[in-house]
Each structure stands twice: as C-alpha cells, then as structure tokens.
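Peer 1: When you get a sec, could you give me coordinates for this:
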Amino acid sequence: MINAVGTIFIAKSTGRICLCLRGPDCNYKLNWSLWGGKVEHGEYFGQALERELSEEIINAPQVIKTIPLDSYTSRDKRFKYVSYVSIVDVEFVPELNHENVGYCWIDVDCYPRPMHPGARTVLTNANNKEKLVTILESLSSYI
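Peer 2: Residues are numbered from 1 along each chain as shown. The predicted structure is shown next:
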C-alpha cells in the first residue's frame with residue numbers, strides 16, 4: 001500500500017490558507033496542492049508530515065496545532081491519503097525546494113486552478129468544508 005500525507009496551512013492572523021504549486025517534474029505538474037508527500041517505511045502519518053514539510057519548506061514556520069481533516073483510501077486498498085490543517089500564527093513566505101515552484105495564501109473556497117484532483121476532492125468535500133469553517137471560527141482559541 002502507498003501512504004501519503006498532506007496539509008494546508010491556516011494563518012491565525014488572517015484566516016487564509018496556503019497551498020503549494022507542484023513543480024514541473026512532479027505528477028500533476030504545475031497543479032495547486034496540499035503540502036506533503038509519501039509516507040516512508042516505518043513512519044507514522046504525523047512523522048511523515050513533519051519530514052515532508054521540513055523538506056519542502058526550507059524555513060518552515062512553527063506550527064501551533066495540527067488538526068486531522070480527512071482520510072481517503074482507494075477502493076482497491078492500494079493507496080491511503082491523510083490530510084491535515086496546520087495552524088500558524090501569521091502568513092509566511094516559504095523558501096521552496098525543487099518539488100514546488102510557488103505558493104499562495106487564499107481565502108477558503110477561492111481555490112486557484114488547476115487543482116490537483118486529490119486536493120480538490122479534499123477541499124471541496126462538504127464534511128471537510130464544515131470542519132474548515134469550525135477551525136476558522138475557533139482560531140483565536142489556539143495558543
């Protein structure tokens with residue numbers, strides 16, 4: 001089974017989210033996506049997320065809280081993707097590695113195109129949209 005993990009950042013100060021633009025050498029090249037990647041053998045999803053963020057963002061910000069958003073398993077049980085929301089204090093300018101060529105801070109529901117199909121599914125799912133609204137409404141409670 002292939003396991004993968006991803007996150008969106010939400011800035012406490014603005015309530016906006018950050019997505020990444022995949023590089024030209026990636027699957028779904030130049031598509032907007034969540035930050036993250038594959039889980040390596042022996043890793044838990046949370047460990048993989050931390051590793052992926054430190055690889056993809058050279059000056060990764062301190063995350064105040066990470067909240068599970070969604071879990072998807074393919075029908076054939078060969079692929080599992082777990083998504084999160086990572087809360088940071090303020091919007092930041094990421095120094096990117098070779099995997100991504102851009103980033104954007106946007107309002108929820110104002111997603112750029114083209115979107116990675118998996119990211120689009122996660123972000124437009126009704127249950128996940130409800131979770132995002134709840135998270136946004138409670139941002140001030142995160143220290």
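
Peer 1: Enumerate every residue touching the nearest residue to Val133 once chain neighbours are set aside.
Peer 2: Nearest residue to Val133, sequence neighbours excluded (C-beta to C-beta, 6 or more residues apart in numbering): Val108, at 7.6 Å. In short, each C-beta sits where N, CA and C put it, glycine included. By C-beta atoms under 8 Å, 6 or more residues apart in numbering, the contact list for Val108 reads Gly15, Arg16, Ile17, Lys129, Leu132, Val133, Leu136.

Peer 1: From those, keep the buried residues only.
Peer 2: Neighbour-count burial (16 or more other C-beta atoms under 10 Å) is assigned, among the contacts of Val108, to Arg16, Ile17, Leu132, Leu136.

Peer 1: Thought Tyr84 was touching the third one, still the case?
Peer 2: In other words, Leu132. No - using C-beta atoms under 8 Å, Leu132 is not in contact with Tyr84, being 11.7 Å away.

Peer 1: Now list whatever residues contact both of the two.
Peer 2: Common neighbours of Leu132 and Tyr84, using C-beta under 8 Å, 6+ apart, are Leu69.

Peer 1: And what about the residue of the chain positioned farthest from its centre, helix, strand or coil?
Peer 2: Distance from the C-alpha centroid of the chain, by C-alpha atoms, centre = their mean, peaks at Asp76 (24.1 Å). Under DSSP: H, G, I helix; E, B strand; the rest coil, the three-state class of Asp76 is coil.

Peer 1: okay, it: pLDDT?
Peer 2: Predicted confidence (pLDDT) for Asp76: 97.

Peer 1: Quick check: Leu69 vs Glu95, distance?
Peer 2: When distance is defined by C-beta to C-beta, to the nearest Å, Leu69 is 25 Å away from Glu95.

Peer 1: Spatially central residue in the chain, please.
Peer 2: By C-alpha atoms, centre = their mean, the chain has its centre lying nearest to Thr7, at 2.1 Å.
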